[in-house]
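**Q** I need the structure of the sequence given here:
(one chain, ligands or ions: 1)
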Amino acid sequence: MRKTRSIHLIVAASATMVMAAGMAAIVSTPANAATTLGAAAAESGRYFGAATNSFMLNRQPHATVLNREFNSIVAENEMKWYHTEPNQNQFNFTAGDQLIAHARARGMTVRGHTLVWHAQQPAWAQNLSGTALRNAMINHINRVAGHWRGQIHSWDVVNEAFADGSGGGRRDSNLQRTGNDWIEVAFRTARAADPSAKLCYNDYNTDGVNAKSTGIYNMVRDFKARGVPIDCVGLQSHLGTTLDPTYQQNIQRFADLGVDVQITELDIMQGSNQANMYGQVTRACLAVARCTGITVWGVLDPDSWRTGANPLLFDGNGNKKPAYDAVLNALNAGGNNPPPTTAPPTTGPPPITTPPPSGGGCSASVSLNSWNGGFVATVRVTAGSSAINGWRVRLTVPSGATVTGAWNANRSGNTGAVDFTNVDYNGRVAAGQSTEFGFQATGNGSIPAPSCTAS
Ligand code: G3I
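**A** Numbering: from 1, shown residues only. Okay, here's the model as predicted:
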């Protein structure tokens, strides 16, 4: 694995070191305290996870430590765009499926990382722009979040879209150049594709109150005010040798907006302050009820992307480091329990269905995820008692509405009665089975029951 040292470290005022050292009090641990990170976090209703890769799942001592200590995992790389859609509309879910199967067999939850990011895009996407890129993004979210629908605890829907520095604005990227609304379109699309996943915005250098985290704070506040679906903010927390003194305050201000906060990629440079900082970060999360979990960005030091920094909780032999003890003690000391988990709301009215055909043929239903000025429609095509080899769905979009893009279907027309036909990979549907396609439109209103014709 190529590793890069171009990381994003926040080095806060060293004056805090003196105070921090004084705070590293010895915690007395009760005899019945939990003995693993996952179990200790679960006592306050949280998870403690690690990033891993499918090819490491049986590698020792990684496997023993991963399976023993953590109750959540995230794909370090294998759910990224370049991995899941290496060629346009050709999807590779193998590694992600393996990670999910591994987690489910052990009662671990899975974080999804990441649906849309300016980096690690496949070459074909890097070469797109404008409407073509926007539609490719929507299709990607639909297919990937749809494939793992119901199996992802939280998705990093959008990763690292804000710029570093003092401005607090967006980062320039091919996605940003498709229009400033690309982030909210991504979130609305993800909600429709997997209504039970928590939808997170994830970024780095946001580990304190600063211009960048304030830019994100303002976006989240705006999304909440306008009903754009967002459930959580991920603070990556790739940290150096001191912790920003406003770390907990920053977590709290996001929580106060009504979103969960997750520490998503924690790693801390090895040094005299490493264990203390791991304890500080853990305690800060535990102090905020809506800080619902912590993920470390790897298991064993030699596998970290930060070559030579030894920023994790275990050495190369799987031995627990002092940082591990600091985290476990902090978790066992307890904190403010998160509010009971409620599934994110599924927006939009229930599907409008046409009765299933009694013989052959097909039926179609549509569900809408609407906002003021637009909507994403998910259309389900169901074969009758015989398999079909192709389908055409006709539906009438509301007066004044215009279809701006579709995925998993060919489209004819964009206003009034619009026809959608299967693409090459979803025309054949077995008897009683379904396939889905979708489209995005500007405008608002309801859609009457669509008609479906089999071929
Ligand atoms: O898979 C290819 C392999 O086929 C090829 O031979 C090899 C040659 O370089 O590269 C391999 O891809 C590498 C990939 O990791 C998988 O190992 C990439 O070069 C390498 O750049 C990539 O690095 C990852 C990096 O994200 C970029 O995607 C790191 O492992 C991963 O830890 C890091 O994680 C990011 C988060 O996603 C977002 N936040 C920051 C964090 C650290 O950069």
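
**Q** rest of the way, CA atoms for contacts and neighbours
**A** OK.

**Q** can you tell me how far the closest residue to the ligand within the stretch 251-400 of the chain sits from residue 223?
**A** Nearest residue of the stretch 251-400 of the chain to the ligand, counting by C-alpha to the nearest ligand atom: residue 305, 4.8 Å away. Counting by C-alpha to C-alpha, to the nearest Å, the gap from residue 305 to residue 223 is 33 Å.

**Q** Those two: which is more packed in?
**A** residue 305 (20 against 16; other C-alpha atoms under 10 Å).

**Q** Can you list phi and psi of that one for me?
**A** Phi and psi for residue 305, reported as degrees, to the nearest 10, are phi -70, psi -20.

**Q** Local confidence estimate at it?
**A** pLDDT recorded at residue 305 is 98.

**Q** Residue 443 now?
**A** Reading off the confidence values, residue 443 has pLDDT 87.

**Q** Show the contacting residues for it.
**A** Shown in contact with residue 443 (C-alpha atoms under 8 Å, 6 or more residues apart in numbering): 372-375, 398, 400-402.

**Q** In the protein, mark out all the helices, start to finish.
**A** 15-23, 37-42, 62-69, 81-84, 94-105, 123-126, 130-147, 182-193, 211-226, 247-255, 274-287, 322-333 (DSSP state H).

**Q** Kindly reformat these as JSON lines containing distance to residue 48 and mean pLDDT.
**A** Shown next, in JSON lines, are the helices of the chain (distance: least, C-alpha to C-alpha, whole Å; pLDDT from 0 to 100):
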{"stretch": "helix 15-23", "distance to residue 48": "23", "mean pLDDT": "38"}
{"stretch": "helix 37-42", "distance to residue 48": "5", "mean pLDDT": "97"}
{"stretch": "helix 62-69", "distance to residue 48": "8", "mean pLDDT": "98"}
{"stretch": "helix 81-84", "distance to residue 48": "25", "mean pLDDT": "98"}
{"stretch": "helix 94-105", "distance to residue 48": "13", "mean pLDDT": "97"}
{"stretch": "helix 123-126", "distance to residue 48": "33", "mean pLDDT": "98"}
{"stretch": "helix 130-147", "distance to residue 48": "23", "mean pLDDT": "95"}
{"stretch": "helix 182-193", "distance to residue 48": "24", "mean pLDDT": "96"}
{"stretch": "helix 211-226", "distance to residue 48": "23", "mean pLDDT": "97"}
{"stretch": "helix 247-255", "distance to residue 48": "17", "mean pLDDT": "98"}
{"stretch": "helix 274-287", "distance to residue 48": "10", "mean pLDDT": "98"}
{"stretch": "helix 322-333", "distance to residue 48": "10", "mean pLDDT": "98"}
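
**Q** The ligand is nearest to which of the ones you listed?
**A** The ligand lies closest, by C-alpha to the nearest ligand atom, to one member of the helices of the chain: helix 81-84, at 8.3 Å.

**Q** what about that closest one, near the ligand?
**A** No: legend: contact between helix 81-84 and the ligand by C-alpha under 6 Å from any ligand atom is lacking; minimum distance shown is 8.3 Å.

**Q** mind listing what the closest residue to the ligand within the stretch 101-250 of the chain touches?
**A** As assessed by C-alpha to the nearest ligand atom, the ligand sits closest to residue 120 within the stretch 101-250 of the chain, at 5.4 Å. Neighbouring residues of residue 120 by C-alpha under 8 Å, 6+ apart: 80-82.

**Q** If we use 7 Å, what do you get?
**A** Taking C-alpha atoms under 7 Å, 6 or more residues apart in numbering, we find residue 120 in contact with 81-82.

**Q** pLDDT score assigned to it?
**A** The score at residue 120 is 97. That number is its pLDDT.

**Q** Distance check, it against residue 86.
**A** Using C-alpha to C-alpha, residue 120 is found at 11 Å from residue 86.

**Q** returning to that earlier point: out of the contacts of residue 443, who has the most neighbours?
**A** Going by other C-alpha under 10 Å, residue 375 tops the contacts of residue 443 with 24 neighbours.

**Q** Look up which residues are beta-bridged to that one.
**A** Going by DSSP bridges, residue 375 is paired in beta bridges with residue 370, residue 441.

**Q** Go ahead and confirm it touches residue 439.
**A** No: counting by C-alpha atoms under 7 Å, residue 375 stays clear of residue 439, with 8.5 Å between them.

**Q** Near the ligand, which residues of the stretch 51-200 of the chain are found?
**A** So far as C-alpha under 6 Å from any ligand atom goes, the stretch 51-200 of the chain lies against the ligand at 76-77, 120.

**Q** quick one: which of those sit in strands?
**A** Among these, no member is found in strands (DSSP state E).

**Q** before we move on, the earlier item: quick one: closest of the helices of the chain to residue 298.
**A** Distance to residue 298, taken as C-alpha to C-alpha, is lowest for helix 62-69 among those, at 9.4 Å.

**Q** Quick check: buried residues in that closest one?
**A** For helix 62-69, the neighbour count (16 or more other C-alpha atoms under 10 Å) marks 62, 65-67, 69 as buried.

**Q** closest to residue 208 among the residues you listed?
**A** residue 69 (28.0 Å).

**Q** measure that closest one to residue 106 for me?
**A** When residue 69 is compared with residue 106 (using C-alpha to C-alpha), they lie 11 Å apart.

**Q** And for residue 150?
**A** As judged by C-alpha to C-alpha, residue 150 and residue 106 stand 17 Å apart.

**Q** Repeat that for residue 96.
**A** Applying C-alpha to C-alpha to residue 96 and residue 106 gives a distance of 16 Å.

**Q** Compare these two and say which one has the larger neighbour count.
**A** When neighbours are counted by other C-alpha under 10 Å, residue 96 comes out ahead of the other of residue 96 and residue 106, with 22 against 14.

**Q** What about residue 90, how many residues nearby?
**A** Quick note: residue 90 (other C-alpha under 10 Å) scores 11 neighbours.

**Q** How about it: which residues does it bridge to?
**A** Beta-bridge partners for residue 90, by DSSP bridges, are residue 87.

**Q** any idea how far it lies from residue 188?
**A** Remark: distance between residue 90 and residue 188 (C-alpha to C-alpha) = 23 Å.

**Q** now swap in residue 389 and tell me
**A** In terms of C-alpha to C-alpha, residue 389 sits 31 Å off from residue 188.

**Q** go on, residue 360?
**A** Distance from residue 360 to residue 188, counting by C-alpha to C-alpha: 34 Å.
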